[in-house]
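In: mind folding the following:
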Amino acid sequence: MRQGQAGTLESNDAVITVAEAPAGSGIIIDLESSVKAAYGDAIEAVIRDACREAGIEDAEVDVRDKGALDCTIRARTLTAITRAGL
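Out: Numbering: from 1, shown residues only. So this is what the prediction gives:
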């Protein structure tokens, strides 16, 4: 299984790991965040948008967020996708 990772566990950053998922499974997001209650839906929307931008329809995305901004989450997601070769 191909997998890519980007980011750190520093404050205001996120570690995002993207791996292949079976065809037809969609984007599966496992989100752990210090701001999940307030921004969880927005974080997931940014990740889904980045996946669509990269042409990814099926992936498992593991997110360990420490309060990263949307632009950081998008950049980390796209970098992890590139590193996974997806």
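In: so what's the residue count around the residue lying closest to residue 26 once chain neighbours are set aside?
Out: The shortest distance from residue 26 to any non-neighbouring residue, by CB to CB, 6 or more residues apart in numbering, is to residue 58 (6.2 Å). Bear in mind the C-beta positions are built from the backbone N, C-alpha and C, glycine included. Using other CB atoms under 10 Å, residue 58 has 15 neighbouring residues.
In: which residues in the protein form strands?
Out: Applying DSSP state E to the chain gives strands spanning 3-6, 14-20, 27-33, 59-65.
In: for residue 29, see how far away the residue nearest to residue 26 is.
Out: Using CB to CB, to the nearest Å, we find residue 58 at a distance of 12 Å from residue 29.
In: contacts only, for residue 85.
Out: By CB atoms under 8 Å, 6 or more residues apart in numbering, the contact list for residue 85 reads 2, 4.
In: try 10 Å this time
Out: 2-4, 20 (CB atoms under 10 Å, 6 or more residues apart in numbering).
In: kindly report the same for residue 44.
Out: Neighbouring residues of residue 44 by CB under 10 Å, 6+ apart: 27, 29, 31, 33, 36, 61, 63, 73.
In: select only the buried ones of those in PyMOL?
Out: Buried residues within those, by 16 or more other CB atoms under 10 Å, are selected in PyMOL with:
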select buried, resi 27+29+31+33+61+63+73
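In: hang on, the earlier thing: and the contacts of residue 85, which two are furthest apart?
Out: Spatial extent of the contacts of residue 85 (CB to CB) is set by the pair 4 and 20 at 10.1 Å.
In: next, show the common contact partners of these two.
Out: What both residue 4 and residue 20 touch, as defined by CB under 10 Å, 6+ apart, is the set 84-86.
In: save the residues you listed as a markdown table, and put in distance to residue 47 and pLDDT too.
Out: Formatted as a markdown table, the shared contacts of residue 4 and residue 20 follow (distance: CB to CB, whole Å; pLDDT from 0 to 100):
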| residue | distance to residue 47 | pLDDT |
| --- | --- | --- |
| 84 | 14 | 94 |
| 85 | 18 | 90 |
| 86 | 14 | 81 |
